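Peer 1: with the input below, show me the fold.
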Amino acid sequence: LLVAGRAGSATAAGIASMVTTEQLDGLRMMSIRPMQIVVAPKALGMTLLLPMLTAIFVLFGLGGGWFVGVELMGMDPGAFLGGLRDSIRFADDIGACFLKALLFGALTGLIATFQGYTAAATAEGVSKATTSTVVFSSVADPVPAVHAYASGSYEHASKPVTGTFSPVLMVAAASAAPAA
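Peer 2: Just a heads-up that it's a prediction; the model follows:
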C-alpha cells in the first residue's frame, strides 16, 4: 500500500501533469511516441522496483528474527538457522513472495501509468488520476495473494511448525519461564 500510495500516485500525477501541460502532445508533434518514452519506462521501473524492495524487507525481517531469537532470547544460532531452513520452503515462501511483488509492481505500474495517461487535461484530472491510482492499486494488491492461496501455493502455511523450531512456542516459553 505504501508503494501504491507514494510511488503509484507520484507516477500518475507526473504523467497526468504532462497531459495537462501538453508535454505529451509536444512529443507527438516531434514524432516521438510518449508511450515508449514516458509511460513504458515508468511501468517497467515499478515492476522491477517492487521485487528489489521485497528483497530488502526479507533481509531485514531475517535480520530482525536473528536479533530477537539469538541475541535477545539467547537461542542457539545453529538451532535458529536449522529451524529456519526446516520451516521455509523456497518455492512456496520466497518464490511466491517475489512473484507477488513482481505481479503487484506490474499491476501498480500499469494502473498508475494508465490513470495518468488517460487523465483529463485539468488540475481536477490530475487529482482524480492520483486518487484513482491509489484506490485501484489498493484493490488490486490482494489479487496475486488470493491467487497464490487459491492455487495452493501456501498449503503448508496452515500447518503448525513442529520440531526444534517453533517461534510461537519459543516466545511463550521465554515469557513463562521465571527470571534466573
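
Peer 1: from now on I want contacts and neighbour counts done on CA atoms only, so please keep to that.
Peer 2: Will do.

Peer 1: quick check: mean pLDDT of the biggest helix by length in the chain?
Peer 2: The helix that spans the most residues within the chain, counting by DSSP state H, is helix 40-66. Averaging pLDDT along helix 40-66 gives 89.

Peer 1: with stretch 127-145 instead?
Peer 2: 79.

Peer 1: distance from that stretch to the middle of the chain?
Peer 2: A distance of 13 Å separates the centroid of the chain from that of stretch 127-145, by CA atoms, centre = their mean, to the nearest Å.

Peer 1: what of stretch 2-12?
Peer 2: 12 Å.

Peer 1: contact partners of that stretch?
Peer 2: Stretch 2-12 is contacted from outside by 42, 108-109, 111-117, 126, 129-131, 133-134, 137-138, using CA atoms under 8 Å, 6 or more residues apart in numbering.

Peer 1: report the secondary structure state of residue 31.
Peer 2: Classification of residue 31 using DSSP: H, G, I helix; E, B strand; the rest coil returns coil.

Peer 1: counting neighbours, what do you get for it?
Peer 2: Counted with other CA atoms under 10 Å, residues neighbouring residue 31 total 9.

Peer 1: could you measure from it over to residue 25?
Peer 2: 10 Å (CA to CA, to the nearest Å).

Peer 1: same thing with residue 92?
Peer 2: 46 Å.

Peer 1: again with residue 126
Peer 2: 16 Å.

Peer 1: just want to know which of those two has more residues nearby.
Peer 2: residue 126 (27 against 16).

Peer 1: I'd say the more buried one and residue 18 touch.
Peer 2: No. Between residue 126 and residue 18 there is no contact under CA atoms under 8 Å: 9.6 Å.

Peer 1: what stretches of this protein score poorly on pLDDT?
Peer 2: 143-145, 147-180 (pLDDT under 70).

Peer 1: do that again at 50, thanks
Peer 2: Under the criterion pLDDT under 50, the flagged ranges of the chain are 157-180.
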